[in-house]
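> my questions are about this predicted structure, shown below with the sequence.
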Amino acid sequence: MSERKKPVAKAQTSVYRTGYVVAIILAVVTIVEFYIATHFNNFAIMMLLGLLKAYFVVNYFMHVKSLWSEEESH
């Protein structure tokens, strides 16, 4: 007998979509960082872009935002 795949829940689909959007944002910011580093070499802008990338990584991939929520998701 063949196993049928269960449909993916909408909530799970939105989580994947959010992950993809964050990954694309990180890729775009990395491209901008590369351009600034090769053409302008501005330390302040590089630090701001690095902090922006750190924010996305910490909040969305390390799930730090869920530490302060009252809802138990584990």
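Cool, the structure landed. Bear in mind the structure is a predicted one, so any value in this text is a computation, not a measurement.
> what about the closest residue to Val64 other than its chain neighbours, how many neighbours?
The shortest distance from Val64 to any non-neighbouring residue, by Cβ to Cβ, 6 or more residues apart in numbering, is to Val58 (5.0 Å). For glycine as for every other residue, the C-beta is placed from the backbone atoms N, C-alpha and C. Residues contacting Val58 under the criterion other Cβ atoms under 10 Å number 12.
> could you list the low-pLDDT ranges of this structure?
1-11, 70-74 (pLDDT under 70).
> and the helices in it?
10-39, 43-56 (DSSP state H).
> how about CSV for the ones you listed, with mean neighbour count added?
Formatted as CSV, the helices of the chain follow (neighbours: other Cβ atoms under 10 Å):
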stretch, mean neighbour count
helix 10-39, 11
helix 43-56, 12
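> what's the closest of those helices to Ser69?
For those, proximity to Ser69 was assessed by Cβ to Cβ; helix 10-39 is nearest, at 14.6 Å.
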